[in-house]
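>>> Below is the structure, and that's it, no one-letter string:
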């Protein structure tokens, strides 16, 4: 059983940056592909980015391409989401997720989820 804990959320002005972290425990972190999702009030869960177990493959969605970057540090059991040029429409709860093999956008494939961290971008 893998436990995931997100951190790094908060309040930031438009144009600013945040770096989210997701730390895993209870499993072998380097065996899992990791993904980041978000859910804004009244909206569906949205895929942001994913990374393979060794960082060799990544994927992301058009809405964050060029602004958000996913990375991982297997030695620290942590995956990061660097978010730059933030916009008010990026306001949401951000979640990380883990799966043994999948690095795609279908949230229901991922086996494990964190509790989420709130990101609020003011205009």
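Good, I have the coordinates. In this text, all values refer to a predicted model and were calculated from it rather than measured experimentally. Numbers count the residues shown, from 1 in each chain.
>>> What is the three-state secondary structure of the most centrally placed residue in the chain?
Centrality entry for the chain: nearest residue to the mean C-alpha point is residue 36, 2.5 Å, by C-alpha atoms, centre = their mean. Following DSSP: H, G, I helix; E, B strand; the rest coil, the label given to residue 36 is strand.
>>> What residues does it make contact with?
Shown in contact with residue 36 (C-beta atoms under 8 Å, 6 or more residues apart in numbering): 20, 22, 48-50, 68, 70, 79, 81, 94-97. Every C-beta, even on glycine, is put in place using the N, C-alpha and C of the backbone.
>>> Could you count how many residues lie near residue 115?
As a burial measure, residue 115 scores 11 neighbours (other C-beta atoms under 10 Å).
>>> what separates it from residue 94, distance-wise?
Separation of residue 115 from residue 94 (C-beta to C-beta, to the nearest Å) stands at 11 Å.
>>> go on, residue 55?
Distance from residue 55 to residue 94, counting by C-beta to C-beta: 20 Å.
>>> Looking at these two, which is more packed in?
Under the neighbour definition other C-beta under 10 Å, residue 55 and residue 94 were set side by side, and residue 94 has more, 24 against 15.
>>> which neighbours do residue 115 and residue 94 share?
Joint contacts of residue 115 and residue 94 (C-beta under 8 Å, 6+ apart) are residue 6.
>>> Show me which of the contacts of residue 36 is closest to residue 10.
Nearest to residue 10 among the contacts of residue 36 is residue 20, at 9.8 Å by C-beta to C-beta.
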